[in-house]
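*Asks:* with the sequence up front, the predicted model follows.
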Amino acid sequence: MNIDILINDVRWSDLDAGSLFESFIVAVLDHQGLADWQVEVSVLATNDPEIAALNESFRAKAQPTNVLSWPAKDLAAAQEGELPTKPSADPDGSIPLGDIALSYDTCVREAADMAKPAQDHMCHLVVHGTLHLLGYDHVRDLDATLMQGIETEILGKMGLDDPYRR
C-alpha cells in the first residue's frame with residue numbers, strides 16, 4: 001500500500017494529519033477488502049485559495065470546497081444502488097486509485113457550523129473522498145444512501161459518530 005500525503009498548509013501538521021488520514025484511508029480499504037492490495041492514493045492537505053484554484057480548473061467552480069477527488073479509473077456502478085466495480089491491478093501489480101485534496105479552512109468552517117469536532121469532520125471527508133476513488137457517488141438517491149451507510153459504518157469502527165445525524 002502506498003499512501004502519499006502532501007501537507008501544503010502548516011495547520012494540517014498541527015493535527016498530525018498525515019498519520020490520521022492514512023489510518024482512515026486504510027480503514028476504507030480494509031472495509032472494501034483491499035487492505036492487502038498494492039493500492040496507491042495521494043492526498044493533498046491544503047487551504048481555501050489552493051483548493052478554489054483546483055475546483056475552478058477541474059470543475060469550473062471558482063470557489064473553495066471541502067474535498068475534491070480524482071479517481072484514476074471510472075469504477076462507478078452503471079445502475080443506481082449497485083456496488084461499484086472493484087479496481088483491478090495494472091500490469092506491475094499496482095492499483096492506482098487516484099488523488100484527494102482537502103481544504104483546512106473549509107473543513108474547520110463546516111465543522112464549526114455543524115458544532116462537530118474539526119478533526120472528526122476532516123476524517124469523514126477523507127473517508128468520503130476515498131470512497132469516491134473507489135467509484136462510490138451520491139448524485140442519485142440510492143447511491144447516496146449506499147455511500148452514506150458505508151461512511152457511517154467505517155467511521156463508527158474508527159470511534160466517530162454518524163456524520164449525517166444532526
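*Replies:* Thanks, I have it. Residues are numbered from 1 along each chain as shown.
*Asks:* residues in contact with the residue lying closest to M122 once chain neighbours are set aside?
*Replies:* Residue nearest to M122 in three dimensions, not counting chain neighbours: C107, with 4.9 Å by C-beta to C-beta, 6 or more residues apart in numbering. Placement of C-beta: from N, CA and C, glycine included. Applying C-beta atoms under 8 Å, 6 or more residues apart in numbering, we find C107 in contact with N66, A118, H121, M122, L125.
*Asks:* what's the distance between the residue most central in space within the chain and I154?
*Replies:* Among the residues of the chain, the one closest to the centroid is G129, at 1.9 Å (C-alpha atoms, centre = their mean). To I154, G129 is 12 Å away according to C-beta to C-beta, to the nearest Å.
*Asks:* try M114
*Replies:* In terms of C-beta to C-beta, M114 sits 19 Å off from I154.
*Asks:* ok, those two, which is more surrounded?
*Replies:* A count of neighbours by other C-beta atoms under 10 Å puts I154 above the other of M114 and I154, at 22 against 13.
*Asks:* backbone phi and psi for that one, please?
*Replies:* Backbone torsions for I154, taken as degrees, to the nearest 10, come to phi -60, psi -50.
*Asks:* please pull out the lowest mean pLDDT helix or strand from this protein.
*Replies:* Ranked by mean pLDDT, DSSP states H and E, the helix or strand of the chain with the weakest confidence is helix 10-13, at a mean of 92.
*Asks:* residues making contact with that one?
*Replies:* Residues contacting helix 10-13 (C-beta under 8 Å, 6+ apart): I7, G18, A45, N47, Y104.
*Asks:* if we go to 6 Å?
*Replies:* The contact list for helix 10-13 (C-beta atoms under 6 Å, 6 or more residues apart in numbering) reads I7, A45, Y104.
*Asks:* quick one, what contacts the second one?
*Replies:* To tie it back to what came earlier, the one meant is A45. Applying C-beta under 6 Å, 6+ apart, the residues near A45 are I7, W12, A17, L102.
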